[in-house]
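Trainee: Fold the stuff below for me.
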Amino acid sequence: MSRSRAPAAALLAGTALLALTTGCASPHGAGGASAPDGTGRMSLPAGATGSARPDLPPVIDRIPTDDEVVFLTYDDGAERDPRFIDLVRERRLPVSMFLTDSVMGPGYAHFARLRAVGASLQNHTLDHPALRGLPYAGQRAEICGQQRKLKSRFGIRPRLFRPPYGTYDTTTLRAAADCGIAAVVLWRAVLEPDGHVTYTRGPHGLNPGDIVSVPSGEAPTLSLAERTVRLLGELEERGLRVGRLEDYVG
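Mentor: As a prediction, this is how the structure comes out:
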């Protein structure tokens with residue numbers, strides 16, 4: 001099937017929603033971070049619409065595509081399951097790893113092996129703060145600092161960025177743009193620690209173009225590999241496969 005590569009303007013159609021079930025532990029407790037308007041949805045900053053600041057990266061939680069693909073994205077880097085590396089290699093899974101420097105700590109060798117078997121490494125800040133409301137200098141330091149870390153460790157400069165807890169503001173988008181980020185990636189679905197999938201909005205069921213967040217679970221019921229295998233089974237039942245997010249964005 002031909003690849004559908006969506007332009008930035010089209011990506012904005014279903015974007016910029018704050019996930020109520022976050023891809024990282026919420027700084028506000030189990031209920032998740034609240035949106036500015038109190039509705040549970042994050043309003044799209046004016047600059048991201050392309051009118052005021054067309055240079056700002058789009059914020060996406062799914063990809064408008066006719067391809068039968070979903071996108072698997074893994075957060076933080078706390079879980080270093082060696083069986084997950086084997087799974088990515090054996091299934092040739094084009095997963096995206098959004099990494100936090102202070103969380104992944106001494107695990108760089110693990111992620112180098114993941115990258116060697118086909119995973120992409122992306123930016124999730126240096127220290128995992130909630131960015132919304134922080135001054136520009138602080139947000140830029142978190143995003144650009146992780147760009148430099150990943151460049152130093154792996155020789156790459158990521159084009160994709162996921163803000164911790166899914167929270168951001170226009171300042172975040174400005175800082176991300178100035179750090180070389182092409183898109184800010186949220187999610188429509190979450191693979192929970194027990195292997196079940198929850199949804200931030202829309203239909204309860206995976207559909208083409210959905211971005212799935214797989215957070216690092218605290219004492220998860222299933223290992224990272226086990227949770228992923230369960231999800232792959234659900235995808236197969238729906239006639240879906242895993243797509244490479246970087247091929248559709250940026």
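Trainee: Helices of the protein, residue ranges please.
Mentor: Assigned helices in the chain, in chain order: 8-11, 82-91, 101-104, 108-116, 136-154, 170-178, 224-237 (criterion: DSSP state H).
Trainee: Deepest in the core, which of those is it.
Mentor: Greatest average neighbour count among the helices of the chain goes to helix 170-178 (a mean of 22), per mean count of other Cβ atoms under 10 Å. (Each C-beta comes from the backbone N, C-alpha and C, glycine too.)
Trainee: Can you add mean pLDDT and distance to Val69 and give the helices of the chain back as CSV?
Mentor: Compiled in CSV, the helices of the chain are given as follows (pLDDT from 0 to 100; distance: least, Cβ to Cβ, whole Å):
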stretch, mean pLDDT, distance to Val69
helix 8-11, 39, 15
helix 82-91, 96, 14
helix 101-104, 92, 27
helix 108-116, 95, 20
helix 136-154, 97, 25
helix 170-178, 98, 25
helix 224-237, 96, 9
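Trainee: These: which one's closest to His196?
Mentor: helix 224-237 (8.5 Å; Cβ to Cβ).
Trainee: Which elements pack onto that closest one?
Mentor: For helix 224-237, the contact count by 3 or more Cβ pairs under 8 Å, 6 or more residues apart in numbering; DSSP states H and E identifies strand 69-76, helix 82-91, strand 189-191, strand 211-214, strand 241-242 as packing neighbours.
Trainee: Tabulate those (a markdown table), appending distance to Gly107.
Mentor: As requested, the helices and strands packed on helix 224-237 are arranged in a markdown table below (distance: least, Cβ to Cβ, whole Å):
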| stretch | distance to Gly107 |
| --- | --- |
| strand 69-76 | 10 |
| helix 82-91 | 11 |
| strand 189-191 | 20 |
| strand 211-214 | 16 |
| strand 241-242 | 23 |
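Trainee: quick revisit: between the helices of the chain, which gets nearest to Val59?
Mentor: Closest to Val59 of the helices of the chain, according to Cβ to Cβ: helix 170-178, at 7.3 Å.
Trainee: between that closest one and helix 136-154, how many degrees?
Mentor: Between helix 170-178 and helix 136-154, the angle formed by their directions is 40 degrees, by axes from the mean of the first three to the mean of the last three Cα atoms, to 10 degrees.
Trainee: How far off centre is helix 170-178?
Mentor: 16 Å (Cα atoms, centre = their mean, to the nearest Å).
Trainee: Next: stretch 171-189.
Mentor: Shown here is stretch 171-189, whose average C-alpha point lies 10 Å from the average C-alpha point of the whole chain (Cα atoms, centre = their mean).
Trainee: And for stretch 223-236?
Mentor: For stretch 223-236, the distance between its averaged C-alpha position and the chain's averaged C-alpha position is 18 Å (Cα atoms, centre = their mean).
Trainee: Could you report the pLDDT at the nearest residue to Val70 once chain neighbours are set aside?
Mentor: Closest residue to Val70 in three dimensions, ignoring its sequence neighbours and counting by Cβ to Cβ, 6 or more residues apart in numbering: Asp210, at 4.7 Å. In this model, Asp210 is scored at 98, pLDDT.
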